[in-house]
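> Next come a sequence and a model predicted from it.
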Amino acid sequence: MKKLLKSSKNKTTTELESMAQDYLYGSTLPHFSYLMEKASGYKDHYFPMPYKKYLNRVSKKRLALIYAIARQESRFVPSAISHSYALGMMQFMPFLARAIAKEKNLKEFDLDNMFKPKIALDFANTHLDYLEKHLKNPLFIAYGYNGGIGFTKRMLKSGLFKKGRYEPFLGMELVPYDESREYGKKVLANYVIYMNILHQKISIYEIFNKIMLQWLDQALSKYKFGDYMEKIKVLANTEKNRLYIALSGSFDIEDTVPVINRINHEVAKLRPGFGVITDIRFLNHVDIAAAKRIKKGTTILKEHGAKHLVRVVGGSTLSIKIFAKFANLTKRGLKISYVPTPEEAEKILNDLNL
């Protein structure tokens with residue numbers, strides 16, 4: 001690659017395009033992509049998929065993630081060495097490469113092996129198994145691959161991505177290290193593109209939604225669902241087949257449109273017979289006109305097959321009175337229970353196998 005970098009200096013667009021044709025095959029596709037991007041003044045972007053024969057046993061989702069990371073790490077160049085001594089196409093630090101080799105019981109492992117695409121890709125797949133188990137979302141996995149799982153967990157525990165009307169976008173801009181901040185965005189963009197190249201249906205919105213759902217699930221496990229939610233939150237948990245709705249503050253007529261729209265969008269992800277938990281412990285006012293209009297949201301739940309709705313009203317007399325008025329206007333034939341805490345709501349649906 002060094003020879004190619006040197007020989008491509010001061011070349012015209014036509015000369016670079018001509019040079020690129022010599023690399024339009026198999027293992028030199030990365031070189032072809034580099035020359036063609038340079039010829040375009042880096043206005044065109046190429047997404048090659050080299051060494052696919054070494055990845056024929058991985059899922060398309062994992063294939064897209066490996067390619068997304070490899071493209072950002074080294075542009076698929078097997079001989080790459082970084083200033084920090086990260087090695088090969090997948091840019092493994094020596095300590096991590098040795099740890100994975102030990103896990104695989106490779107007794108005669110040499111760091112030079114990291115320059116072999118087959119081994120580098122195999123090690124990357126193993127490492128991604130570990131990162132995916134703990135971080136789940138491709139954005140968080142990208143942060144973990146770049147900065148380490150310890151850095152990523154500390155960052156997430158600090159409060160990024162957990163709440164706020166601008167999440168997850170604000171969290172992405174507040175990642176503490178410049179390199180990791182930009183790395184995550186670029187790997188995520190690569191991932192979405194490769195998923196589409198591989199004919200896998202995905203959207204960036206879906207990934208962002210899962211970021212918030214991931215933290216919602218963690219919050220629910222501690223029974224603090226409504227404590228950290230914004231004024232309006234509607235999220236479907238497809239694994240539990242449940243819809244979670246949280247309303248807080250003052251609920252007025254202008255708030256009904258986003259609630260109905262979000263309900264409509266989220267229930268489409270669930271199977272008929274799903275359960276619903278509505279947390280209104282932090283609701284302090286309901287406009288009567290808003291309550292009447294929100295009946296449409298309850299109708300949507302019923303039409304999509306909602307089986308049981310549990311309303312978390314808290315223990316205060318005020319919240320119960322407020323929602324009593326709200327509830328009478330929105331019942332719409334659904335089986336409804338009222339409980340003071342989210343944990344009791346979860347228990348009711350668990351007992352009903354919903």
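Thanks, I have the structure now.
> contacts and neighbour counts: CA atoms only from here.
Noted.
> what about the stretch 251-354 of the chain, any weak spots by pLDDT?
For the stretch 251-354 of the chain, applying pLDDT under 70 flags the ranges 251-252, 254, 284-289, 291-292, 315-333.
> State whether residue 62 is indeed within a helix.
Yes: under DSSP: H, G, I helix; E, B strand; the rest coil, residue 62 sits within a helix.
> For it, give me its contacts.
Residues in contact with residue 62 (C-alpha atoms under 8 Å, 6 or more residues apart in numbering) are residue 125.
> Local confidence estimate at residue 20?
At residue 20, the model reports a pLDDT of 88.
> host element of the residue nearest to it when sequence neighbours are not counted?
Setting aside the residues directly before and after it, residue 20 is nearest to residue 32 in space (C-alpha to C-alpha, 6 or more residues apart in numbering), at 4.8 Å. Assigned by DSSP states H and E, residue 32 falls within helix 29-39.
> ok, now residue 3?
Per DSSP H and E: helix 2-7 holds residue 3.
> Who are the packing partners of that helix?
Of the remaining helices and strands, none touches helix 2-7 by 3 or more C-alpha pairs under 8 Å, 6 or more residues apart in numbering; DSSP states H and E.
> mean confidence score for that helix?
Averaging pLDDT along helix 2-7 yields 72.
> before we move on, the earlier item: quick one: residues in contact with the helix holding residue 32.
Contacts to helix 29-39, defined as C-alpha under 8 Å, 6+ apart, come from residues 1, 8, 12-14, 16-17, 19-24, 43-50, 75-77.
> re earlier: okay, buried residues for the helix holding residue 3 please.
Residues of helix 2-7 include none that count as buried (16 or more other C-alpha atoms under 10 Å).
> What of stretch 165-181?
167, 168, 171, 172, 175, 180, 181.
> From those, pick the one nearest residue 126.
Nearest to residue 126 among the buried residues of stretch 165-181, counting by C-alpha to C-alpha, is residue 180 at 21.2 Å.
> tell me the contacts of the closest one?
Contact partners of residue 180, counting by C-alpha under 8 Å, 6+ apart, are 143, 146, 147.
> Residue 50 is in contact with residue 63, isn't it?
No: Residue 50 is beyond contact range of residue 63, at 11.2 Å (criterion: C-alpha atoms under 8 Å).
> follow-up on the earlier one: so which of the contacts of residue 180 comes closest to residue 124?
Nearest to residue 124 among these is residue 146, at 12.3 Å by C-alpha to C-alpha.
> Could you report the distance from the closest one to residue 76?
Taking C-alpha to C-alpha, to the nearest Å as the measure, residue 146 and residue 76 are separated by 16 Å.
> Residue 69 too?
Distance from residue 69 to residue 76, by C-alpha to C-alpha: 9 Å.
> One more: residue 184?
Distance, residue 184 to residue 76, by C-alpha to C-alpha: 18 Å.
> coming back round to it: so what sits against both of residue 69 and residue 76?
Residues touching both residue 69 and residue 76 by C-alpha under 8 Å, 6+ apart: residue 90.
> still on that earlier bit, so between residue 146 and residue 76, which is more surrounded?
Comparing residue 146 with residue 76 by other C-alpha atoms under 10 Å, the one with more neighbours is residue 76, at 27 against 20.
> and the more buried one, helix, strand or coil?
Following three-state DSSP, we place residue 76 in the coil state.
> Do I have it right that it meets residue 89?
Yes: counting by C-alpha under 8 Å, residue 89 is a contact partner of residue 76 at 5.2 Å.
> Next, show the common contact partners of the two.
residue 70.
> Not counting stretch 97-109 itself, show me its contacts.
When contacts are defined by C-alpha under 8 Å, 6+ apart, stretch 97-109 is touched by residues 111, 114, 123, 126, 127.
> redo that, cut-off 7 Å
With C-alpha atoms under 7 Å, 6 or more residues apart in numbering as the test, stretch 97-109 has contacts from residue 123.
> what's the straight distance from one end of that stretch to the other?
Chord length of stretch 97-109, first to last residue, is 9 Å (C-alpha to C-alpha).
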